[in-house]
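Colleague: Structure, please.
(one chain, ligands or ions: 1)
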Amino acid sequence: MFTRMAELFNVYPLYDIEPVRAQGSYLWDVNGTQYLDLYGGHAVISVGHTHPRYVKALTDQLNKIAFYSNSVKIPQQQELADKLGAISGHPDYALFLCNSGAEANENALKLASFHNGRTKAVAFTKSFHGRTAGAVAVTDNPSIVAPINYKEHVTFLPYNDVEAVKAGITSETCAVIVEGIQGVGGIQVATDAFLQTLRQRCDETGAILILDGVQCGYGRSGKFFSHQYSGIEADIISMAKGMGNGFPIGGILISPKFKATHGMLGTTFGGNHLACAAAIAVLDIMKDEGLMENALRVGNYLMDGIRQVGGYKDLRGRGLMIGIEYDFPVDSLRKALLFDHKQFTGVAGKNTIRLLPSLAIGVDEADQFLEALQLCLKAEVA
Ligand SMILES: Cc1ncc(COP(=O)(O)O)c(C=O)c1O
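Modeller: Got it, this is the predicted structure:
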């Protein structure tokens, strides 16, 4: 027994559930109750909970060396860069490693500004890019921006508005930061015309195009990065979440037009041995088990099933990043899914259910969700 000495800083509303074990797409709580995970701990669980290859890779690495600073050679970083370059179709891009999505975007914005010497950023309505100073400044949510988070450099344009970006990106713009599919914003998918116009305007003005793939990247959409559906190339791509399947790691892929200098970017923990072992295992599993293909296949199956269940206002997404918008708040629907049917889902805003399961989820699990959704919707309208 221990005596409680300090409170936790109470920033998270909690469900009264304590998971103690997890495997694949399932969790078990302290009472032994099983839950189906359609949320992936917020798009983080990519290859499935406690995948044996992942556990082995981390355990083996832990038994050798867990951490040393970026002042020595860490060959796992190069192995990760090689594998990431190959699977993502960016073998000529360079990799900088950090620890989270916010940090990835922070470094992307800094790199853009170092490169062209400019200060102004363009971001989009309903965007979410993280909570550090630069990342939160380009996030469209005033309630999480503190007075110290300098925002005067940022212009917010309407997402998917081609005419607005033609006028809004100028030769003063340092960087444009955009999600290929907005996550927190409610699973809004960028149109091809929108992303292609962004690319064109950035080329015309010398602005740097940053694609935030923290949530929509890493195979979730069925392509490695969701913007690859539009055939555009980003200058910098940020990633995190699914990259380590729960082990904290983030990074940016950087086009060859940027020149590195010593000391330009840096971090204590970024790219440590354990994080690299986790990220390498994730990529190996994704490749060997065809998880991007699975994300597309099961994602399409879920979308078809949700269409058949009906009752929604709008259905959006790609692969295993799915938003189901209703014309009523979904709080009680999600609680019924969780407490009556033991299924975790996510939410965006008040009316949209967000599905972000592991990329390894199967059709059986999809069927369990569709059945539960149908029952809960019937109860909701009854
Ligand atoms: C699109 C996007 N960018 C950045 C972030 C921030 O990532 P992190 O919480 O790892 O800092 C998130 C987190 O939800 C995100 O969805």
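Colleague: Can you name the residue of this structure nearest to the ligand?
Modeller: The minimum distance from the chain to the ligand, using Cβ to the nearest ligand atom, falls at residue 101 (2.3 Å). Just so you know, the C-beta spots here come from the backbone N, C-alpha and C atoms, and that holds for glycine as well.
Colleague: what's the burial count for residue 102?
Modeller: 23 (other Cβ atoms under 10 Å).
Colleague: looking at this, it is in a helix?
Modeller: Yes: assessed with DSSP: H, G, I helix; E, B strand; the rest coil, residue 102 lies in a helix.
Colleague: That one contacts residue 133, correct?
Modeller: No: contact status for residue 102 versus residue 133: not in contact, 9.3 Å apart, counting by Cβ atoms under 8 Å.
Colleague: returning to that earlier point: isn't the residue of the chain closest to the ligand up against residue 238?
Modeller: Yes: using Cβ under 8 Å, residue 101 makes contact with residue 238 at a distance of 6.7 Å.
Colleague: what's the offset of stretch 296-311 from the middle of its chain?
Modeller: Chain-centre distance of stretch 296-311: 21 Å, with Cα atoms, centre = their mean, to the nearest Å.
Colleague: ugh, wrong one, stretch 61-72
Modeller: 26 Å.
Colleague: Now residue 126. Nearest residue, chain neighbours left out?
Modeller: Leaving aside its sequence neighbours, residue 126 sits nearest to residue 185 (Cβ to Cβ, 6 or more residues apart in numbering; 3.2 Å).
Colleague: And the ligand, is the strand or helix carrying residue 121 touching that?
Modeller: Assessed by DSSP states H and E, residue 121 sits inside strand 120-124. No: residues of strand 120-124 are not located near the ligand by Cβ under 6 Å from any ligand atom, the shortest gap being 11.3 Å.
Colleague: In terms of secondary structure, what does that strand contact?
Modeller: Helices and strands touching strand 120-124, by 3 or more Cβ pairs under 8 Å, 6 or more residues apart in numbering; DSSP states H and E, are strand 154-157, strand 173-179.
Colleague: so the residue nearest to residue 126 sits in a strand?
Modeller: No: counting by three-state DSSP, residue 185 is not part of a strand but coil.
Colleague: To residue 55, which of the helices and strands packed on strand 120-124 lies closest?
Modeller: Taking Cβ to Cβ, strand 173-179 is the member of those nearest to residue 55, at 31.0 Å.
Colleague: From the rest of the structure, what touches the helix or strand following that closest one?
Modeller: As assigned by DSSP H and E, the chain's next helix or strand after strand 173-179 is strand 181-182. With Cβ atoms under 8 Å, 6 or more residues apart in numbering as the test, strand 181-182 has contacts from 124, 126-128, 159, 187-190, 215-216, 221, 226, 317-318, 321.
Colleague: need the contact list for residue 275.
Modeller: Counted by Cβ under 8 Å, 6+ apart, residue 275 has contacts 97, 99, 244, 247, 248, 249, 269.
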